[in-house]
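Student: Sequence plus the predicted model coming up.
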Amino acid sequence: QVRLVESGGGLVQAGGSLRLSCAASGRTFGSYAMGWFRQAPGKEREFVAAITWNGASAAYADSVKGRFTISRDNAKNTVSLQMNRLKPEDTAVYYCAARFGAYSEYYAHYDYWGQGTQVIVSL
């Protein structure tokens, strides 16, 4: 069982930065690949970024590549998403998710989810 709690969302102007964090409970955090997804009003949940259990490899959606960076600290049971050069189209609720084994870009493959944190990017 893994419990996930996101933080760090908020309101930011276009071009600005935010850092999202996800704190995980459970002794087996290091066994899980972690992902970030987002969902805007009226849209489906979409993949943002994912990272392997040991942080050795990561994947990004094309829309955020070069602007967002995912990282994790297994000693602290946390995964972070550094978001730079934010755009209004990045506005969404951001969720972190855990998947036992390899990471995936498909949200249905994830086993545990946080409650989400709202990010609003204004012009």
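Tutor: Received the coordinates, thanks. Predicted model, so just to flag it, every value in this text is computed and none were measured.

Student: Where do the strands of the chain begin and end?
Tutor: 3-7, 10-13, 18-25, 32-39, 46-51, 58-60, 68-73, 78-83, 92-100, 112-113, 117-122 (DSSP state E).

Student: Looking at these, which is nearest to residue 106?
Tutor: Residue 106 lies closest to strand 46-51 among the strands of the chain, at 7.4 Å (Cβ to Cβ). Bear in mind the C-beta positions are built from the backbone N, C-alpha and C, glycine included.

Student: residues making contact with the closest one?
Tutor: 33-39, 57-61, 64, 68-72, 79, 81, 94, 103-107 (Cβ atoms under 8 Å, 6 or more residues apart in numbering).

Student: Paired strands for that strand, with orientation please.
Tutor: strand 32-39 (antiparallel), strand 58-60 (antiparallel) (DSSP bridges).

Student: most centrally placed residue in the protein?
Tutor: By Cα atoms, centre = their mean, the mean C-alpha position of the chain lies nearest to residue 36, the distance being 2.4 Å.

Student: Is it in contact with residue 80, as I believe?
Tutor: No: if you go by Cβ atoms under 8 Å, residue 36 and residue 80 don't touch, sitting 9.2 Å apart.

Student: which neighbours do the two share?
Tutor: Contacts common to residue 36 and residue 80, judged by Cβ under 8 Å, 6+ apart, are 20, 22, 70.

Student: circling back to that earlier point, pipe the strands paired with strand 46-51 into TSV and attach mean pLDDT and distance to residue 115 per row.
Tutor: Putting the strands paired with strand 46-51 into TSV (pLDDT from 0 to 100; distance: least, Cβ to Cβ, whole Å) gives the following:
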stretch	mean pLDDT	distance to residue 115
strand 32-39	97	12
strand 58-60	98	23
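
Student: Mean neighbour count, the strands of the chain: which tops it?
Tutor: strand 32-39 (a mean of 25; mean count of other Cβ atoms under 10 Å).
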